[in-house]
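[1] I need the structure of the sequence given here:
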Amino acid sequence: MDARAFHGDVHGLVDEVLAAAVGRPLFLFLDPCGLALPFERLVDILARRRSTARWPPTELLLNFSMMAVRRIGGNSHSPKGNERTNERLDAVCGGTWWRR
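    Numbering: from 1, shown residues only. Sure thing, here's the model as predicted:
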């Protein structure tokens, strides 16, 4: 078993983690301070990049911060809201459906 903990920006580390896990089962635990990776990036990791065979399996445990979503949700309905912040949550949620 090979377990590693990484600190830093996950965007820059995820490719290194995936490279280290080639041919091995992967348990990926993401605990972001704020929002997670964009939805399309997670799909790439789980469904495309590691789906060449049934083995090795990939599991993902993601701490999705409801506090961040609630804060940004309030931002989306505020006259002083920041559209870039809304677009960031759009990317994480895989679309604008959450704005309703």
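[2] what comes up buried for stretch 11-22?
    Residues of stretch 11-22 classed as buried by neighbour count (16 or more other C-beta atoms under 10 Å): 14, 18, 21. Where C-beta positions appear, they are placed from N, C-alpha and C, glycine not excepted.
[3] my bad, stretch 18-37
    For stretch 18-37, by 16+ other C-beta under 10 Å, it's 18, 21, 26, 28, 35, 36, 37.
[4] correct me if wrong: the fifth one contacts residue 86.
    It refers to residue 35. No. Look at residue 35 against residue 86 with C-beta atoms under 8 Å: they stay out of range, at 11.6 Å.
[5] and of the buried residues of stretch 18-37, the nearest to residue 90?
    Comparing the buried residues of stretch 18-37 against residue 90 with C-beta to C-beta picks out residue 35 as the nearest, at 10.6 Å.
[6] so what's that closest one up against?
    Taking C-beta atoms under 8 Å, 6 or more residues apart in numbering as the contact definition, residue 35 lies against 65, 68, 72, 88, 89, 92.
[7] the first one touches residue 30, doesn't it?
    No. Between residue 65 and residue 30 there is no contact, the gap being 10.9 Å when judged by C-beta under 8 Å.
[8] anything in contact with each of the two?
    Contacts common to residue 65 and residue 30, judged by C-beta under 8 Å, 6+ apart, are absent.
[9] which pLDDT value goes with the closest residue to residue 57 other than its chain neighbours?
    The shortest distance from residue 57 to any non-neighbouring residue, by C-beta to C-beta, 6 or more residues apart in numbering, is to residue 25 (5.1 Å). We have a pLDDT of 84 for residue 25.
[10] report the residue spans of this structure with pLDDT below the cut-off.
    Scanning the chain for pLDDT under 70 picks out 1, 48-55.
[11] repeat that with 80
    Within the chain, the segments meeting pLDDT under 80 span 1-9, 11-12, 31-36, 47-57, 64-65, 68-69, 71-73, 75-77, 81, 100.
[12] ranges for the helices of it?
    For the chain, the helices defined by DSSP state H occupy 10-20, 39-43, 66-76, 83-93.
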